[in-house]
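Colleague: Build the 3D model from these lines:
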Amino acid sequence: MNILLAGGGSAGHINPMLAVSEVAKKYGFSVIYLVGNSKLDNQLLEKQMLAGEIVEHIKKVSFPRPAFHQHIFYIIRLITFPIRFVKQIIKVLEIIKNDKIDICLGFGGYISPPAYIAAKLKKVPIYIHEANLKIGLANKLGSRFAKRFFTAFPDTQIAGKANEKIQFVGLPLRKSLFEKKVSNKDTTKKPLFSFATKQPVLLVLGGSLGAKSINKTVKKSLPSLLKKANVIHITGAGKQFSVSKKYHGKYKQFEYLEHIEQAYKVSDFAISRAGAGSVLELSAVGLPACFVPLDVGNGEQSLNASYLVKAGAGIVCADKDFSPEFIENAILPILLNKAQTAAMREKSLKLSITDAAEKIIQTILTDIKNDD
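Modeller: Residues are numbered from 1 along each chain as shown. A predicted model of the protein is given here:
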């Protein structure tokens, strides 16, 4: 049986897709990936998919949003949107036919809507996973056609969808996150995180696409921050910057870490954006954090962060308020308090769900059996 996994645009879409793929193959599904043409999508897939697996690509076609300084371009994109969108639907219809797709499972993002519409036209059962607490536009469209709608948060609401079709499963996560033995070495067998002191470790995460404001603030904070802590800083692609050699024994910078669990394992506290992947991964490994939501889209990052903050497993800071002073006065006191970080870690782990991918595939298999 062939299953089409559709999504892309960030690690937040690709990583859950890969986690589900791993379980799907275990139960005998042949997996076909439908992603965009972005460099990140394809890099993530290439590193984790098996040789010979099929990857299909369509163009990203987002519904244009008005921009004051680009008024003429907005009008042009608005007029041409239906033609560009229909072209991608036609391409997915061809993919469904040629790859003999039996099931479509979408993860949201700009790649998913053409897949949902094409699957509906071809009468292919549609399943959707929504990673954010607040449903995104792509999955809101797809929810009209979905046989099942899986959610990563327990309080996600889907207007007009019968409750029996909605299933809270958590976020599909890679098995490597939970391996007891995690290597602290790079490909040359040298230690990744060898610090000059045994002070607490602060992990700074900007997300797979990077976070300019977080990087800028942390850079300004390094002189005072490194007097009290060690720092692992994942800047995001193309966002790296140079630092004084005197910091090298206490500060480790990476553009991207393929195996983020290596950093989770040695860290005591994190600073992170609040994409669903970041929030729920940190919860799964029990790493307390300060979330700095990106104020874009439909406000989903603030809502995602509130899930852990309300449980006492994290704190939150608006992007406009995130400053060296905030790090000094709000983050460092927690990082340096072992009892407080231990309590937050325990509360975080209570919300942890590690079998979301298994639940998704088991539900699909049950539906297939009942439909026969």
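
Colleague: quick one: pLDDT of Lys190?
Modeller: Reported pLDDT at Lys190 in the predicted model: 56.

Colleague: now do Gly210
Modeller: What the model reports for Gly210 is a pLDDT of 57.

Colleague: before we move on, what about Asn298?
Modeller: The model's pLDDT for Asn298 equals 72.

Colleague: Now do the contacts for it.
Modeller: 134, 136-137 (Cβ atoms under 8 Å, 6 or more residues apart in numbering). Backbone N, C-alpha and C define where each C-beta goes, glycine included.

Colleague: Check Thr363 too.
Modeller: Taking Cβ under 8 Å, 6+ apart as the test, what Thr363 contacts is 127, 148, 150, 167, 169.

Colleague: did I read that right, it in a strand?
Modeller: No - using DSSP: H, G, I helix; E, B strand; the rest coil, the assignment for Thr363 is helix, not a strand.

Colleague: is it fair to say Asp213 lies in a helix?
Modeller: You called it Asp, but residue 213 is Ser. Yes - the assignment for Ser213 is a helix, going by three-state DSSP.

Colleague: could you measure it against Phe326, distance?
Modeller: According to Cβ to Cβ, to the nearest Å, Ser213 stands 12 Å off from Phe326.

Colleague: just so I have it, where are all the helices in the chain?
Modeller: Assigned by DSSP state H, the chain shows helices spanning 11-26, 39-48, 71-98, 112-121, 137-142, 212-225, 261-266, 276-285, 300-310, 324-326, 332-335, 338-350, 356-371.

Colleague: thinking again about what came up before, in CSV, list the contacts of Thr363 along with distance to Leu287, neighbour count and pLDDT.
Modeller: Listed next are the contacts of Thr363 as CSV, based on distance: Cβ to Cβ, whole Å; neighbours: other Cβ atoms under 10 Å; pLDDT from 0 to 100:
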residue, distance to Leu287, neighbour count, pLDDT
Tyr127, 30, 24, 98
Arg148, 31, 21, 95
Phe150, 24, 28, 97
Gln167, 27, 15, 94
Val169, 22, 19, 97
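
Colleague: picking that back up, just say which of the helices of the chain is most tucked in.
Modeller: helix 276-285 (a mean of 25; mean count of other Cβ atoms under 10 Å).

Colleague: Looking at this protein, name the residue that lies furthest from the middle.
Modeller: Asp372 (34.7 Å; Cα atoms, centre = their mean).

Colleague: Kindly provide the distance from that one to Leu203.
Modeller: For Asp372, the distance to Leu203 - Cβ to Cβ - is 48 Å.

Colleague: repeat for Leu4
Modeller: Leu4 is 35 Å from Leu203, by Cβ to Cβ.

Colleague: Can you pull out the residues in contact with stretch 196-207?
Modeller: 10-12, 193, 195, 211, 214-215, 218, 225, 228-236, 239, 249-250, 263-264, 266-273, 275, 278, 287, 294, 331, 335-336, 341.

Colleague: Drop anything exposed from these.
Modeller: For the contacts of stretch 196-207, a neighbour count by 16 or more other Cβ atoms under 10 Å gives the buried set as 10-12, 193, 195, 211, 214-215, 218, 225, 229-236, 239, 250, 263-264, 266-273, 275, 278, 287, 294, 331, 335, 341.

Colleague: in stretch 146-160, what counts as buried?
Modeller: For stretch 146-160, by 16+ other Cβ under 10 Å, it's 146-153, 156, 158.

Colleague: Other residues contacting that stretch?
Modeller: 116, 125-135, 139-140, 143-144, 161, 165-171, 276, 280, 304, 307, 356, 359-360, 363-364, 367.

Colleague: If we use 7 Å, what do you get?
Modeller: Contacts with stretch 146-160, where a contact means Cβ atoms under 7 Å, 6 or more residues apart in numbering, come from 125-131, 133, 135, 143, 161, 165-171, 276, 280, 307, 360, 363, 367.
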